[in-house]
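Asks: below are the sequence and a predicted model; questions follow.
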Amino acid sequence: MSEDNAPEIVLSLEIDDPALADRLATLLGSVVGLRLAAPGETATASVVARDPRVMPEDIALTQRELDVLALMAEGASNKMIARQLNISVHTVKFHVGSLLDKLDATGRTDAVAHAARRGVIEL
């Protein structure tokens, strides 16, 4: 506990950018009642910042699936996606099905929402 008997918050930083992590650690190091977690220590709260250009390791989408997903996020129909990417509607349907499976989604909108939450795409 801190000096004023308030519970101590143990904060872990999970930040891909080392310079940002260092700056944040320096700023947070002086906050009363807050302590940065040591490596491997359980924290009561976490700050997580990932590079949005890096796909999560558990989602392995092909470049074509990313292309289809981006057009889905814009609201394009299968026919519009096929025209845009110069592929058949059948191929688009195949990619959409694959995206639904890989993103564990129940539909197109759900797939886009899952992808956005997971950092695969930005809306």
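Replies: That came through, no problem. Residues are numbered from 1 along each chain as shown.
Asks: contacts only, for residue 71.
Replies: Neighbouring residues of residue 71 by CB atoms under 8 Å, 6 or more residues apart in numbering: 80-81, 84-85. Bear in mind the C-beta positions are built from the backbone N, C-alpha and C, glycine included.
Asks: what about the helices in the chain?
Replies: 18-28, 63-73, 78-85, 89-102, 108-117 (DSSP state H).
Asks: which residues sit against the third one?
Replies: The reference is to helix 78-85. By CB under 8 Å, 6+ apart, the list of residues contacting helix 78-85 from outside reads 64, 67-68, 71-72, 76, 87-89, 91-93, 96.
Asks: rewinding a little: make TSV out of the contacts of residue 71 and add distance to residue 45, neighbour count and pLDDT.
Replies: TSV is the format used below for these (distance: CB to CB, whole Å; neighbours: other CB atoms under 10 Å; pLDDT from 0 to 100):
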residue	distance to residue 45	neighbour count	pLDDT
80	43	15	96
81	41	23	96
84	43	15	95
85	43	16	95
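Asks: for residue 11, state which of these is nearest.
Replies: Within these, proximity to residue 11 (CB to CB) peaks at residue 81, which comes in at 43.0 Å.
Asks: name the spans of this protein whose pLDDT lies under the cut-off.
Replies: 1-7, 50-58 (pLDDT under 70).
Asks: quick one: residues contacting residue 61.
Replies: 55, 69, 99, 102, 120.
Asks: quick one, phi psi at it?
Replies: The phi/psi pair for residue 61 (degrees, to the nearest 10) reads phi -100, psi 140.
Asks: ok, which of the helices of the chain comes nearest residue 41?
Replies: So among the helices of the chain, helix 18-28 is nearest, using CB to CB, at 14.2 Å.
Asks: okay, the helices of the chain in a markdown table with distance to residue 48 next?
Replies: Output for the helices of the chain, formatted as a markdown table (distance: least, CB to CB, whole Å):
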| stretch | distance to residue 48 |
| --- | --- |
| helix 18-28 | 11 |
| helix 63-73 | 23 |
| helix 78-85 | 32 |
| helix 89-102 | 22 |
| helix 108-117 | 13 |
